[in-house]
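Participant: What follows is a predicted protein model with its sequence.
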Amino acid sequence: MAKFEVGNKYGKGRPVGALNRSTEQMKLTLARVTNNILDTLATDLIEIKKKDPKAAIDIALKLLEYNLPKQSRVEMKAEIEQRIQQISVNITQKSIDGDNS
């Protein structure tokens, strides 16, 4: 059997789901950069707010989407089968001095 033929049990290769070294290093680098950014995010946002409050709000709203998922629209259809038969309204007059006569 050749080295890379189907069914070869000698050269198993990389396990399923395993990352190659460059992908693993890239993910680790991105995780470190992201952690550094997140560590200073609050102070950076305060500095941006001092210079441009609108930009700070825009950034905060964009970040909020990652924390709170957008609500999806729910369509509801229903039929009301009861009919209103009678409506009663009672009006009473109350005097200013507290006497109901």
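Facilitator: Right, received. Where do you want to start?

Participant: Strands of this structure, start to end?
Facilitator: Under the criterion DSSP state E, the chain contains no strands.

Participant: Which residue ranges of it form helices?
Facilitator: Defined through DSSP state H, the helices belonging to the chain, from first to last, are 21-51, 53-67.

Participant: Including mean neighbour count, mean pLDDT and distance to Q85, could those helices go into TSV?
Facilitator: C-beta: built from backbone N, CA, C; applies to glycine. Putting the helices of the chain into TSV (neighbours: other Cβ atoms under 10 Å; pLDDT from 0 to 100; distance: least, Cβ to Cβ, whole Å) gives the following:
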stretch	mean neighbour count	mean pLDDT	distance to Q85
helix 21-51	11	92	59
helix 53-67	11	90	49
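
Participant: May I see the ones you listed arranged in JSON lines, with distance to N8 as well?
Facilitator: Compiled in JSON lines, these are given as follows (distance: least, Cβ to Cβ, whole Å):
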{"stretch": "helix 21-51", "distance to N8": "23"}
{"stretch": "helix 53-67", "distance to N8": "45"}
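
Participant: which stretch among those helices comes nearest I91?
Facilitator: The closest approach between I91 and any of those, judged by Cβ to Cβ, belongs to helix 53-67 at 49.3 Å.

Participant: could I have the closest one exported to CSV, CA atoms only?
Facilitator: Presented in CSV, the C-alpha positions along helix 53-67 are these (Å, rounded to 0.1, in the frame of the first residue of the first chain):
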residue,chain,number,x,y,z
PRO,A,53,-19.9,62.2,22.0
LYS,A,54,-21.8,61.0,18.9
ALA,A,55,-19.0,58.7,17.8
ALA,A,56,-18.8,57.3,21.3
ILE,A,57,-22.5,56.5,21.3
ASP,A,58,-22.3,54.9,17.8
ILE,A,59,-19.4,52.7,19.0
ALA,A,60,-21.3,51.8,22.2
LEU,A,61,-24.4,50.9,20.2
LYS,A,62,-22.4,48.7,17.8
LEU,A,63,-20.8,46.9,20.7
LEU,A,64,-24.2,46.4,22.4
GLU,A,65,-25.3,44.3,19.5
TYR,A,66,-22.7,41.7,20.6
ASN,A,67,-24.0,41.7,24.1
